[in-house]
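Participant: Show me the folded form of this:
(one chain, ligands or ions: 1)
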Amino acid sequence: MTNQISRRAVVRGVGAATLAVPLAAWLSGCSRVETPGSAAGQTGTDLLALGKKQGYLRVAIANEPPYTQVNPDGTVTGAEPDVFRAVCKRLGIPDIQGVVTPYASMIPGLNANRWDAITAGLFMKQSRCSQVAYSEPVIVSTESFAVAKGNPKKILTVAGVLANKDLKIAVLPGGFEEGILKAAKVPAAQQVKVNDGRSGIEALTAGRADAFFLPTLSLDALAKADTSFEVTAPIPDAPRTGSGAAFRKSDSSFMETYNKELKAYKDSPEFDALMKKWGFDAAAARGSTAAELCKNEG
Ligand code: 6CS
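Facilitator: Numbering: from 1, shown residues only. You can find the predicted model right below:
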């Protein structure tokens, strides 16, 4: 199966400093505890040669459909891991291994060699682009608010949140949306930090937040399983976002090799089909560049 990866492959990384116990290995009773990451970063070996030799590269993911998704059987899918796996296969690297970790831990974990790339929809912005080497974008997306049915408090823009000090907005710590609120000078007192999509919706439905700030497609995916809230149209004063795979700067030569193969893949009907499957606009990704998206403030 194209999306089947070995059950030992999905590991659960609580944070960059944690030893990752292979989730499937733990479930299957295997005792192997992996020191997260690969030799590449420590010894500076060639990431392409390493991936071919060990048969996989390790990727940080968040398990936030449709960007990244860990299926009940442990397979890792989602728009970004699926593109990364397809391009790696074209380079002779047969597989990927996913490590679930919070967005705030992804870059520190990459630079601590816990994983070899970030394929999580970690949106490009100046502060991130200064720390990692991003491939060309594979997804471009918008941001929205999850709000109570009927949007009784008319929460539609970031400016509107700033103008009403009584509004509380749930965001992921270290996430792109938190950065947007910070850039707009929305006080920390108006921000409710939550760990993931589910806990953001729980904060909304429990009344601890008036809105949950997350990418439009992620909220749409959550709304498929929960009709207690609605998703606003894309927020007009939130920047257009996009992402691709993020590598260590020391692996920029691999990134150049990856980018060449990615360009060929993005011109293939397989890319269109994959983007359609996950609800993204392939043409928008083809029409964007990392240089442009890395101009995003924050
Ligand atoms: O890049 C980020 O930080 C954001 N990306 C996604 C796909 N979801 C939320 C997160 O804040």
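
Participant: Can you spell out the domain ranges of this protein, please?
Facilitator: The chain is divided into the following domains under automatic domain parsing: 10-139+242-287, 143-231.

Participant: Please identify the most buried of these.
Facilitator: Across those, averaging neighbours per residue (mean count of other Cβ atoms under 10 Å) puts domain 10-139+242-287 on top, at a mean of 20. All C-beta spots, glycine's among them, are computed from the backbone N, C-alpha and C.

Participant: Setting the sequence-adjacent residues aside, check what's closest to Lys185.
Facilitator: Leu162 (6.7 Å; Cβ to Cβ, 6 or more residues apart in numbering).

Participant: Kindly give the local confidence score, pLDDT, for that neighbour.
Facilitator: On the pLDDT scale, Leu162 is placed at 98.

Participant: That one against Ala183, yeah?
Facilitator: No: shown here, Leu162 and Ala183 do not form a contact pair, counting by Cβ atoms under 8 Å, at 10.7 Å.

Participant: secondary structure class for Asn63?
Facilitator: For Asn63, the secondary-structure state derived from DSSP: H, G, I helix; E, B strand; the rest coil is coil.

Participant: these two touch, right, it and Gln69?
Facilitator: Yes: with contact defined as Cβ under 8 Å, Asn63 reaches Gln69; the gap is 6.4 Å.

Participant: what's near enough to touch the residue in the stretch 151-298 of the chain positioned nearest to the ligand?
Facilitator: Nearest residue of the stretch 151-298 of the chain to the ligand, counting by Cβ to the nearest ligand atom: Gly175, 2.5 Å away. The contact partners of Gly175, by Cβ atoms under 8 Å, 6 or more residues apart in numbering, come to Tyr103, Ala104.

Participant: Quick one: name the residues of the protein near the ligand.
Facilitator: With Cβ under 6 Å from any ligand atom as the criterion, the chain comes near the ligand at residues 64, 67, 103, 121-123, 172, 175-177, 214-215, 218.

Participant: any idea which of the residues you listed is closest to Leu110?
Facilitator: The closest of those to Leu110 turns out to be Leu122 (Cβ to Cβ; 9.5 Å).

Participant: what sits against the residue sitting nearest the centre point of the chain?
Facilitator: Centrality entry for the chain: nearest residue to the mean C-alpha point is Ala120, 2.3 Å, by Cα atoms, centre = their mean. Listed by Cβ under 8 Å, 6+ apart, the contact set of Ala120 reads Val59, Ala60, Ile61, Ala62, Glu64, Tyr67, Thr68, Glu80, Tyr103, Met106, Ser243.

Participant: which regions of the chain sit below the pLDDT cut-off?
Facilitator: 1-45 (pLDDT under 70).

Participant: Would you state the helices of it in chain order?
Facilitator: 23-27, 39, 47-54, 79-90, 103-111, 126-129, 158-163, 176-183, 197-205, 216-225, 252-266, 269-278, 282-286, 290-293 (DSSP state H).

Participant: about what we covered before: residues touching the residue nearest to Lys185, list them.
Facilitator: By Cβ under 8 Å, 6+ apart, the neighbours of Leu162 are Ala184, Lys185, Val186.

Participant: Now tabulate those residues in JSON lines and tack on distance to Arg198.
Facilitator: Shown next, in JSON lines, are the contacts of Leu162 (distance: Cβ to Cβ, whole Å):
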{"residue": "Ala184", "distance to Arg198": "26"}
{"residue": "Lys185", "distance to Arg198": "29"}
{"residue": "Val186", "distance to Arg198": "23"}
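
Participant: Excluding chain neighbours, what is closest to Pro239?
Facilitator: Asn296 (4.9 Å).

Participant: same check, this time on Ala221
Facilitator: Pro65 (4.4 Å).

Participant: Could you check how far the one you found is from Lys52?
Facilitator: As for Pro65, its distance to Lys52 is 30 Å (criterion: Cβ to Cβ, to the nearest Å).

Participant: Check Gly287 too.
Facilitator: For Gly287 relative to Lys52 (Cβ to Cβ), the value is 32 Å.

Participant: now do Arg248
Facilitator: For Arg248, the distance to Lys52 - Cβ to Cβ - is 18 Å.

Participant: and of the helices of the chain, who's closest to Asp237?
Facilitator: Taking the helices of the chain one by one with Cβ to Cβ, helix 158-163 is closest: 4.9 Å.

Participant: Send me that closest one as PDB with only the CA atoms.
Facilitator: C-alpha atoms of helix 158-163 as PDB (Å, rounded to 0.1, in the frame of the first residue of the first chain):
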ATOM      1  CA  VAL A 158      -7.700  39.700  13.800                       C
ATOM      2  CA  ALA A 159      -8.400  43.500  14.000                       C
ATOM      3  CA  GLY A 160     -11.800  42.700  15.500                       C
ATOM      4  CA  VAL A 161     -10.200  40.500  18.200                       C
ATOM      5  CA  LEU A 162      -7.800  43.300  19.100                       C
ATOM      6  CA  ALA A 163     -10.700  45.800  19.300                       C
END
